[in-house]
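**Student:** what's the 3D shape of this:
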Amino acid sequence: MAKRGGFPGGGMPGNMNNLMKQAQRMQRQMEESQKELEVKEFTAAAGGGAVEVTVTGKKEIVKVKLSEEVVDPDDIEMLEDLIMAATNEALRQADEANAEAMNKMTGGLGLGGGFPF
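**Tutor:** So this is what the prediction gives:
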């Protein structure tokens with residue numbers, strides 16, 4: 001009696017099985033790459049180096065360095081702007097590194113954060 005539907009032998013065809021293995025391997029590589037990026041640090045400066053901010057790939061600020069000459073009690077607004085500019089640039093660098101790593105993994109397929117399974 002012949003089976004109706006399914007595949008002979010009850011398993012997945014070889015190509016589908018290989019595709020699943022490749023997808024799992026790619027997902028593991030993406031997870032490892034993400035972990036590496038999370039501990040990597042990105043530093044950016046503003047005001048000619050007067051303000052320097054360092055963030056991790058997890059987008060956590062780990063260091064803020066201020067030059068003495070930029071600390072002017074009469075111009076707090078400038079200092080705030082410099083901190084914001086340096087922070088935004090460091091975060092942009094982290095995002096760019098993340099996108100580059102994901103692009104390498106997916107071969108430019110635009111899969112982003114991984115597979116939905």
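**Student:** Now the host helix or strand of Ile83: buried residues?
**Tutor:** Here Ile83 sits within helix 76-106, counting by DSSP states H and E. Residues of helix 76-106 classed as buried: 79, 82-83, 85-87, 89-91, 93-94, 97-98, 101-102, 105-106 (neighbour count, 16 or more other Cβ atoms under 10 Å). Just so you know, the C-beta spots here come from the backbone N, C-alpha and C atoms, and that holds for glycine as well.
**Student:** Can you tell me the closest non-neighbouring residue to the residue minimising distance to the centre of the chain?
**Tutor:** Closest residue to the average C-alpha location of the chain: Asn98 at 2.7 Å, with Cα atoms, centre = their mean. Closest residue in space to Asn98, ignoring its immediate chain neighbours: Leu37 at 5.5 Å, by Cβ to Cβ, 6 or more residues apart in numbering.
**Student:** cool, and Leu66?
**Tutor:** Closest to Leu66 by Cβ to Cβ, 6+ apart is Val51, at 5.8 Å.
**Student:** Val62 now?
**Tutor:** Spatial nearest neighbour of Val62, excluding adjacent residues (Cβ to Cβ, 6+ apart): Thr54 at 5.3 Å.
**Student:** The one you found contacts Lys40, doesn't it?
**Tutor:** No: Thr54 lies out of contact with Lys40 (Cβ atoms under 8 Å); the separation is 10.7 Å.
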